[in-house]
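**Student:** sharing a sequence plus its predicted fold:
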Amino acid sequence: MADMRIVIVGASGRMGRMLVRAVSQADGVVLAGATERSGSEFVGRDAGELAGVETLGVRIVDDISTCSEADVIIDFTAPVATLSHAAFAASKGMGMVIGTTGFDAQQMAALKHTLAASPVVMAANYSVGVNLALNLIERAAAVLGNDYDAEIFEAHHKHKVDAPSGTALAMGRALAAGREVDLDETAVYAREGITGARKPGSIGFSVVRGGNIVGEHQAMFIADEERIEINHVAADRMVFAKGAVRAAGWLASQSTGWYDMQDVLNLRD
């Protein structure tokens, strides 16, 4: 079987460089293209050299239409850019691995419409460990129920622009699914002033932004007598890049559909 041909968009960014590095180190995949926004100082640079690996012979371009000979686009950019890349992928019959967060409801609907006939993996977090944690959180919530107060804590670097993180929200959705409730109806995202006693069944969120924290997430189930915690700490962003490349390779054997890392890791019941 031929190697899976991958395009990395936003290739000069912190995550983009790691994705290029992960592709260069993985078996069964090859870098077929790398893009950046128009006017970027990195356009024309070799993507591998910029990522700190060997020269790959793939120059960064500012026109994604020149990357038509590919199978999958990996996109960790921003919602508006991702929507544009999705339109290109759909027009060329490519799959997409999407790690972009911060979509509003209208953007998400547009993305799903655009990629309705494409194979897509979209996840809030591509770490294998995080996705195992999501599975455990859902199981724990089903067993513990509303007798245990539920809180989700997350911490990220000072440059992160959305809060709570996509991973924290994914933990909330997993917890709500285990309880068979709607997260939108049970989530508490802010507490200030005289808030009153905790509402039974609510799912609280807490957020820290500072320094260079890669990513810390914690789900707590709290009773009067005990506390159960499910934690994940990312020490290096490379863990996300490796997971995304793994997802891209997995797409090679998938037909049209919308998947996440639970599917890639075969964690579905």
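**Tutor:** Thanks, I have the structure now.
**Student:** show me the chain divided up by domain.
**Tutor:** 4-122+237-264, 128-234 (automatic domain parsing).
**Student:** just give me how far the longest one sits from the chain centre.
**Tutor:** Shown here is domain 4-122+237-264, whose average C-alpha point lies 12 Å from the average C-alpha point of the whole chain (CA atoms, centre = their mean, to the nearest Å).
**Student:** confirm for me that residue 132 is in contact with residue 267.
**Tutor:** Yes - here residue 132 lies in contact with residue 267, judged by CB atoms under 8 Å, at a distance of 7.1 Å. In short, each C-beta sits where N, CA and C put it, glycine included.
**Student:** state the mean pLDDT of stretch 171-182.
**Tutor:** Stretch 171-182 carries an average pLDDT of 97.
**Student:** ok, now stretch 238-256?
**Tutor:** 93.
**Student:** which parts of stretch 106-126 are buried?
**Tutor:** 110-111, 114-115, 118-126 (16 or more other CB atoms under 10 Å).
**Student:** how much space is there between the residue nearest to residue 121 when sequence neighbours are not counted and residue 240?
**Tutor:** Leaving aside its sequence neighbours, residue 121 sits nearest to residue 247 (CB to CB, 6 or more residues apart in numbering; 4.3 Å). Taking CB to CB, to the nearest Å as the measure, residue 247 and residue 240 are separated by 11 Å.
**Student:** out of the buried residues of stretch 106-126, which one has the weakest pLDDT?
**Tutor:** Ranking the buried residues of stretch 106-126 by pLDDT puts residue 124 at the bottom, with 82.
**Student:** in contact with that one, which residues?
**Tutor:** By CB atoms under 8 Å, 6 or more residues apart in numbering, the residues touching residue 124 are 101, 165, 166, 167, 169, 170.
**Student:** for residue 54, give its distance to residue 234.
**Tutor:** 26 Å.
**Student:** those two: which has the busier surroundings?
**Tutor:** residue 234 (19 against 10; other CB atoms under 10 Å).
**Student:** next up, the contacts around the more buried one.
**Tutor:** Here residue 234 is in contact with 127, 130, 214, 215, 216, 240 (CB under 8 Å, 6+ apart).
**Student:** drop anything exposed from those residues.
**Tutor:** 127, 130, 215, 216, 240.
**Student:** of the residues you listed, closest to residue 18?
**Tutor:** For the buried ones among the contacts of residue 234, the residue nearest residue 18 by CB to CB is residue 240; the value is 7.4 Å.
**Student:** could you look up the SS state of the closest residue to the closest one other than its chain neighbours?
**Tutor:** Residue nearest to residue 240 in three dimensions, not counting chain neighbours: residue 126, with 4.7 Å by CB to CB, 6+ apart. Three-state assignment for residue 126 (DSSP: H, G, I helix; E, B strand; the rest coil): coil.
**Student:** quick one: contacts for residue 126?
**Tutor:** By CB under 8 Å, 6+ apart, the neighbours of residue 126 are 99, 239, 240, 241, 242, 243, 244, 246, 247, 261.
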